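**Q** Give me a 3D structure for the following:
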Amino acid sequence: MFASVHAPSGQTGREGNRPELYEEVKLYRTAREREKYDNLADLYALINTLQCLEKAYIKDAVTAKEYTAACSKLLVQIKAAFKQAQDEEYRSIEEFAKKSKLNCAAALERIKEDRPITIKDDKGNTSRCIADIVSLFITIMDKLKLEIKAMDEIHPDMRELMDTMNRLSLLPADFEGKVKINTWLQTLAGMQASDELTDTQVRQLVYDLDSSYQAFNRLLHST
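**A** Down below sits the predicted model:
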């Protein structure tokens, strides 16, 4: 039936000779624009993940311990991601979610309260300590990966991490993270402010921080 239907003479050939019709459409033209869209994508994914986590907890698909640890981490990551994406167009997370057409009422409520639903509002003491510990682990590891390794740039965050872990009563005195951080504090204390960690030390410190961070998450799951 369709055999007798023909395109106008020369049309098929002309379209076939227009390679621009097959070119990929890019959202960005510069490295700065690309970074902007990457930051927005990261923020979108984190908020969406928190929304899914809230729904999973409501449906009993995750335990309270798993939920508390994951939610605490996500809240810290969302704050960090929004700082990277914030501009005149997106002045708040709520505004970003609305313009992005994100259906995430549960996530927005959690972001507003700034604590997992499983943690009572005890003036924010426990939840704040957990959030600060997560944030400090991530901050220090990010600094080291960016080759920021001078003593006076690493020691303050390490000291704050140790002090915050000591304030969190659910961490035992022999918690491996405390032991490893304390050892590194002693190493840093023997350095001058301008001294830098060697590449070998940086590699070991990143490893120790990551293993301590994983141990911290495991402890939250089992508490």
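**Q** for stretch 212-223, the distance to its chain's centre please.
**A** 17 Å (Cα atoms, centre = their mean, to the nearest Å).
**Q** Stretch 194-201 now?
**A** 26 Å.
**Q** same question, stretch 101-119
**A** 16 Å.
**Q** got a list of contacts for that stretch?
**A** If you take Cβ atoms under 8 Å, 6 or more residues apart in numbering as the criterion, stretch 101-119 is touched by 44, 47-48, 50-51, 54-55, 57-58, 64, 67-68, 71-72, 75, 78, 93-94, 96-97, 121, 124, 126-127, 130-131. Using the backbone N, CA and C atoms, a C-beta is placed for each residue, glycine as well.
**Q** Return the subset of these lying in helices.
**A** 44, 47-48, 50-51, 54-55, 57-58, 64, 67-68, 71-72, 75, 78, 93-94, 96-97, 126-127, 130-131 (DSSP state H).
**Q** Can you turn the buried part of these into a ChimeraX selection?
**A** Restricted to buried positions by 16 or more other Cβ atoms under 10 Å, the ChimeraX selection for those reads:
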select :44,47,48,50,51,54,57,67,68,71,72,75,78,93,96,97,126,127,130,131
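**Q** can you pull out the helices in the chain?
**A** Using DSSP H, helices in the chain cover 11-16, 31-58, 64-85, 93-99, 105-113, 125-145, 151-167, 176-189, 199-222.
**Q** Give me the distance between the fourth one and the centre of its chain.
**A** Read it as helix 93-99. That offset, for helix 93-99, works out to 18 Å (Cα atoms, centre = their mean).
**Q** and that helix, what other elements does it pack with?
**A** helix 31-58, helix 64-85, helix 105-113 (3 or more Cβ pairs under 8 Å, 6 or more residues apart in numbering; DSSP states H and E).
**Q** All good on my end, thank you.
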